[in-house]
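> Just a sequence and a predicted model for now, questions to come.
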Amino acid sequence: MQGVGFRPFVYRLARRHSLRGWVLNAEEGVDIHVEGGKARLNAFLTELRLEAPPAAGIADIEVAPADLRAFDDFEIRSSTRGGPPTVRITPDLPVCQACLSEMFDAEDQRYRYPYINCTECGPRFSIILGLPYDREQTTMKDWAMCADCARAYEDPADRRFHAQPVACPACGPLYVLYRERQPGAKAGAAIGEAVRMLRDGMIVAVKGLGGYHLACDAQNEEAVRALRRRKYRKEKPFALMTPDLESARGLVVLSEEDEAILVSTARPIVLASARRILPGVAPDNRDIGIMLPYTPLHYLLFDAGAPTALVMTSANRSSEPIAYRDDEAFERLDGLADAFLVGERPIARRVDDSVARSSPFGAVILRRARGYAPGAAARLPASQPILALGADLKNTVTLAVDGQAFVSQHIGDLDHYDALQAFQETVRDLLEMYDVDPDDLLVVHDRHPQYASKRFADELPGEKLGVQHHRAHIASVTAEREAVGQTVVGFSFDGTGFGDDGSIWGGEVFAGSVVEGFRRVAHLQPAVLPGGDAAAKVPVQAAAGFLHELDGLPDLKDAPFGFPDRYEQACELVRKGVRTFPTTSVGRLFDTVAALLGFTREMTFEGQAAIWLEHLARSGSNSGARSYPFPDLDFRPLLTRIIADRARGVSAADIARAFHRGIAHGLLELGSRLCEEHDADVIVVSGGVFQNQLLLTEMKTLLEKMERVEIWTNRAVPPNDGGISLGQAAMGAVASLSSTT
Ligand code: ZN
Ligand code: ZN
Ligand code: FE
């Protein structure tokens, strides 16, 4: 990865070993020419591997002899070639160890300075206004460097050589605490007062890297409850920040892999099992989302005595996108935060915290934003630039150009006006950054005629390509692995997507590849959905459609089911065929099962019933004795057994467990048969349903008994709709190549 201080690092290393030559950012990576004695060259090479900045992520080092040029010095050369560089903008980086040591050193120029950074750390994507990336084109443009900062900036031997946001307390921006929109304490005093407020159970809006957080003491039940009330967030879990790994370990159970994700340069929120219940933080949920500090300010807050489990949730009301401009924050968070800790450095664009978790198939990214975006997610050759607009929920946008697929940060749900604005800005942003003329584009969009992203595509110049939602899910997985020619059997399970026949799909099985196309070879037994996608909020409404396919139902109004009137009303729609739509959605099947096991109320956030069901199942028996039949994705025998078991008093947790096992079993049985039929040895799984960790665990267990078959799932982009744009881009890239031959 370029732009992470790698060239200055090479410079210092070469000087340390008295080597001469140059270093240069080149198209395919970094070119280094070094001249000197063999021992020193070897030492240089060893240390190059060992000491490189962590964010550089060296994939490979090739060494070849070169002609001796007898240079008398070592220098950093500016790029000579005119072509577009492979990577123009790098993701934001967490503050590095060297900067932290300086920040806590009372003798240092940047002692306790919340905007300390160097070439190996600090903001990038969130401060860039335009290209090329230099100070005048960042949100630091209004601060002139002092003589000391300028000296560091100009000196190739300095860790801050060409660190664009370099600043110090003498010349740079500060933090100011606002109460009732009036500025008050500044710098250290502002941080001290914010910490006192947090300890007193108050809610403080804290400006971060890509937006505002709302912070409060996670162990203060009153504060957490007040935050939920003011934020109109009834039950959706809050993410926490802890000062270090040690305190994170006290709150959640962390595997080695979890810890690796936590400390990775993206510093995402990591979901892990809670050790104890923090009331109100994550209702009905066994997991807590936890992250470590990543800006200097976070470290200063904890150092000043902030509570060691701090709620740090995106600053917004209910489903609005995160606030990132100061005026917008004051406006939208009025009455929500007791004070605002406002950093003077503006944020150029909204970048949420990323969310990840470990799974039996490796780390899974559930929300790809800060620390990952707008990095390349895969190499993707195409004959023209491809702009893929994603899906309307959990939207991201992908631009494939120069052989790489750049995936935007998580944008959100486009039915929200602010998110739609952000979506359009992101498209403009990407085209500008990579210098793409909109007329040259192949624009790829979802086939849903009512999607805002599809309507936006209609307004763009350039060629258009519609890609079916569930095929895009499967393509996202093979695109990540740079295996678009690979024949696979793909299971695309999610809540909703526009099907070839106009019905609501979500339980689709394909055979083929991105190159040859994906043929639908199986699907969930169809049901109907009263109210269509509106049923996604009400599990008993989905249940009315699915249970309609069953004979001899007991009265579900009675115990132990206790369905509310809403169920009867939905059944009425089904019987009359009014506002009732055919569906193959596995997401709604999960909702139906959740309803049968007790989730009979309305959901307060997307996916809640399925998450509830997974957590219920995790508390169930792991004996492996019980598994429900799901032959060829027919849910009828499965639901029949669930109702019978529930009626005779089997525990809901055990039933939920057996349901997960049944889905895993049915999927793999069908998958391996289809693999044989279609001469494939890879089963791809993608779509929101596969965010379910228990389902993946059950699949992994079963897989160990199988030969030949391998399972691929997403690892660079989310399995949910956040991954759709990459899949679309892959389909577009292949289409562009075949149309030119
Ligand atoms: Zn640093
Ligand atoms: Zn300065
Ligand atoms: Fe989807």
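Arrived safely, thanks for sending. Ligands and ions are numbered 1, 2, ... in the order given.
> how about the helix or strand encompassing residue 191: buried residues?
Taking DSSP states H and E as the definition, one finds residue 191 inside helix 187-199. By 16 or more other CB atoms under 10 Å, the buried positions in helix 187-199 come out as 187, 188, 190, 191, 192, 193, 194, 195, 197, 198. Where you see a C-beta, it was placed from the backbone N, CA and C, and this is true even at glycine.
> before we move on, what about stretch 31-44?
If you call a residue buried by 16+ other CB under 10 Å, then stretch 31-44 has these buried ones: 32, 33, 34, 35, 36, 40, 43, 44.
> Which of those fall in strands?
Using DSSP state E, 32, 33, 34, 35 are the members of the buried residues of stretch 31-44 that sit in strands.
> List the residues that contact whichever residue of the stretch 501-650 of the chain sits closest to ligand 3.
Minimum separation of the stretch 501-650 of the chain from ligand 3 (CB to the ion) falls at residue 506, amounting to 7.3 Å. Residues near residue 506 by CB atoms under 8 Å, 6 or more residues apart in numbering: 470, 493-497, 524, 583-588, 687.
> How about residue 297?
Contacts of residue 297 (CB under 8 Å, 6+ apart): 114, 175, 191, 206, 208, 341, 343.
> For the protein, which residues are neighbours of ligand 2?
For the chain, the contact set with ligand 2 under CB under 5 Å from the ion comprises 146, 149, 168, 170, 171.
> Hmm, residue 147 and the fourth one touching each other?
No. Counting by CB atoms under 8 Å, residue 147 is not a contact partner of residue 170; they are 9.2 Å apart.
> if you count what's nearby, which of these two comes out ahead?
Taking other CB atoms under 10 Å, residue 170 and residue 147 do not tie; residue 170 has more neighbours (13 against 9).
> Please name the nearest non-neighbouring residue to that one.
residue 146 (4.8 Å; CB to CB, 6 or more residues apart in numbering).
> Next, the contact list for the residue of the stretch 601-741 of the chain found nearest ligand 1, please.
Closest to ligand 1 within the stretch 601-741 of the chain is residue 716: 26.0 Å, counting by CB to the ion. Applying CB under 8 Å, 6+ apart to residue 716 gives the contacts 365, 377, 378, 407, 480, 726.
> Am I right that it falls within a helix?
No. Counting by DSSP: H, G, I helix; E, B strand; the rest coil, residue 716 is not part of a helix but coil.
> Please read off the pLDDT at it from the model.
Listed pLDDT for residue 716 reads 96.
> closest point of the stretch 301-450 of the chain to ligand 2, which residue?
As assessed by CB to the ion, ligand 2 sits closest to residue 345 within the stretch 301-450 of the chain, at 13.5 Å.
> low-confidence ranges in the stretch 401-550 of the chain?
By pLDDT under 70, the stretch 401-550 of the chain contains no weakly predicted segment.
> can you give me the strands for it?
With DSSP state E, counting those that start in this stretch as the criterion, the stretch 401-550 of the chain has strands at 404-407, 442-446, 463-467, 488-498, 504-513, 517-523, 527-530.
> same thing with the stretch 101-250 of the chain?
Secondary structure of the stretch 101-250 of the chain (DSSP E, counting those that start in this stretch): strands at 175-179, 182-186, 204-207, 212-217, 239-241.
> Now do the phi/psi pair for the nearest residue to residue 194 once chain neighbours are set aside.
The shortest distance from residue 194 to any non-neighbouring residue, by CB to CB, 6+ apart, is to residue 341 (4.6 Å). Main-chain dihedrals, residue 341, degrees, to the nearest 10: phi -100, psi 100.
> what's the distance between whatever residue of the stretch 601-741 of the chain ends up closest to ligand 3 and residue 426?
The nearest approach of the stretch 601-741 of the chain to ligand 3 comes at residue 721, 4.5 Å away (CB to the ion). Distance, residue 721 to residue 426, by CB to CB, to the nearest Å: 15 Å.
> more neighbours, those two?
residue 721 (26 against 23).
> Mind pulling up the pLDDT for the closest residue to residue 156 other than its chain neighbours?
Leaving out its chain neighbours, the residue that sits closest to residue 156 by CB to CB, 6+ apart is residue 11, at 5.1 Å. Looking at residue 11, its pLDDT reads 89.
> Residue 11: neighbouring residues, count only.
Per other CB under 10 Å, the neighbour tally for residue 11 reads 20.
> isn't it right up against residue 76?
Yes. Using CB under 8 Å, residue 11 is in contact with residue 76, at 5.4 Å.
> these two touch, right, residue 620 and residue 645?
No. Counting by CB under 8 Å, residue 645 is not a contact partner of residue 620; they are 11.8 Å apart.
> who touches both of those two?
The overlap between the contact sets of residue 620 and residue 645 (CB under 8 Å, 6+ apart) consists of 655, 658.
> Just the ones of the contacts of residue 716 in helices?
480, 726 (DSSP state H).
> Tell me, how many residues neighbour the closest residue to ligand 3 within the stretch 101-250 of the chain?
Closest to ligand 3 within the stretch 101-250 of the chain is residue 236: 19.5 Å, counting by CB to the ion. A count of nearby residues for residue 236, using other CB under 10 Å, gives 20.
> mind listing what it touches?
Counting by CB under 8 Å, 6+ apart, residue 236 touches 604, 605, 608.
> So in the protein, which helix runs the longest?
The residue-count maximum for a helix in the chain (DSSP H) belongs to helix 652-677.
> same for that one, what does it pack against?
Counting by 3 or more CB pairs under 8 Å, 6 or more residues apart in numbering; DSSP states H and E, the packing neighbours recorded for helix 652-677 are strand 488-498, strand 504-513, strand 517-523, helix 586-596, helix 608-618, helix 635-647, strand 682-686, helix 693-703.
> Could you export those as a markdown table, including distance to residue 261?
Listed next are these as a markdown table, based on distance: least, CB to CB, whole Å:
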| stretch | distance to residue 261 |
| --- | --- |
| strand 488-498 | 24 |
| strand 504-513 | 29 |
| strand 517-523 | 31 |
| helix 586-596 | 26 |
| helix 608-618 | 20 |
| helix 635-647 | 34 |
| strand 682-686 | 20 |
| helix 693-703 | 14 |
